[in-house]
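>>> need a 3D model of the sequence below.
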Amino acid sequence: MSSKPEILVVSEIPQPMIDTLECHFAVHKFWLQEGDAFLNAHGGRIRGALVRAAKGISTALVNKLPALEAVSSFGVGLDALNLPLLRERHIHVSNTPDVLNECVADTALALMLAVTRKICLADRFARAGKWQLEAFPGAWKMSGKRCGIVGMGSIGHEVAKRATAFNMPIHYFSRRKNGQADWQHHDALIELAKAVDFLVLTLPGGEATQHIINREVLEALGPEGIVINIARGSVLDTDALVTLLQEGKLRGAGLDVFEQEPQIPAALCALDNVVLLPHIGSNTAETRQAMADLTITNLVHYFQHGSMITPA
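I've put the predicted structure just below:
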């Protein structure tokens, strides 16, 4: 029997991560196992778990791992983890903050440009040979528009820095004033939405923010408004968004995340003023490598020193 600590990789991850993990741990790939049979045989020896942030680890699975000591999450969001249960059992939890801030913020700006300049429509127009027959419909200018950010954390700051380069006044909503002096803080989401052209969502998911961007907020944004979601699908009321887009009460939307990933509502797919991405905000080779390194380092550090490098 291996003297290495036994860990459970809950959801599929790239093979190079598995190879690195196996240098330090006895690795079990849960997505390849027969659940109950595997847990009956090995569950009592599993001391660590590696999870993907968007999928987490279920409460039922945690309850079947009595020796679990540490959970390392590949990503920032913690909404797919039962944190109260993990804390009650004194299980250490870590994630990968900061290393993905720049790429997620880049994605936000890419979506803003894609919606306003109709980049995806223009690409399809050009590929279809329509340019020889007609002019492409006019788009909208992004520079100088008012950028509203919901959740002024690390990613929100990176979005604001980039938007400032487009001469966009920065407005934001957060629990406290934590932006630069020339950024306008709003105490209410409705007031923020009324004041801006773009509503960029960078806040955490979870019960506290479930559908925090509801119909009332979207209506306050108005018919010239554009919604950008790089946070979690749960923060945005999708049904309300679709209805207002269909009714012409919003200009458009750029979405990297969805409530029932990987399923995307057909109604969204049918709208030409919506740009859809398959949750790729942090998906660059450089950032995913940094995330992988930190996810593994957190587990290694815990079993060597009893603590995480980036405790959540």
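>>> if I look at the closest residue to residue 78 other than its chain neighbours, how far off is residue 83?
Of all residues not flanking residue 78 in the chain, residue 312 sits nearest, at 5.6 Å (Cβ to Cβ, 6 or more residues apart in numbering). Bear in mind the C-beta positions are built from the backbone N, C-alpha and C, glycine included. Residue 312 sits 8 Å away from residue 83, going by Cβ to Cβ, to the nearest Å.
>>> over to residue 207?
Taken as Cβ to Cβ, the span from residue 207 to residue 83 is 11 Å.
>>> please say which of the two ends up with more neighbours.
Taking neighbours as other Cβ atoms under 10 Å, residue 207 and residue 83 compare with residue 83 leading, 14 against 7.
>>> that one and residue 95 touch, don't they?
No - with contacts counted by Cβ atoms under 8 Å, residue 83 stays clear of residue 95, the gap being 11.1 Å.
>>> now for the two: what residues contact both?
residue 312 (Cβ atoms under 8 Å, 6 or more residues apart in numbering).
>>> circling back to that earlier point, between residue 312 and residue 83, which contacts overlap?
Taking Cβ under 8 Å, 6+ apart as the contact rule, residue 312 and residue 83 both touch residue 93.
>>> put the alpha carbons of stretch 178-191 into CSV.
Extracted C-alpha coordinates of stretch 178-191, given in CSV (Å, rounded to 0.1, in the frame of the first residue of the first chain):
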residue,chain,number,x,y,z
ASN,A,178,-13.2,50.3,-2.4
GLY,A,179,-12.6,51.9,-5.8
GLN,A,180,-10.5,54.8,-6.8
ALA,A,181,-11.5,58.3,-5.9
ASP,A,182,-12.8,59.1,-9.4
TRP,A,183,-14.9,56.0,-9.6
GLN,A,184,-18.5,56.6,-8.6
HIS,A,185,-19.8,54.3,-5.8
HIS,A,186,-23.5,53.5,-5.7
ASP,A,187,-25.3,52.2,-2.6
ALA,A,188,-28.2,50.6,-4.6
LEU,A,189,-28.1,48.4,-7.7
ILE,A,190,-31.1,50.2,-9.2
GLU,A,191,-29.3,53.5,-9.0
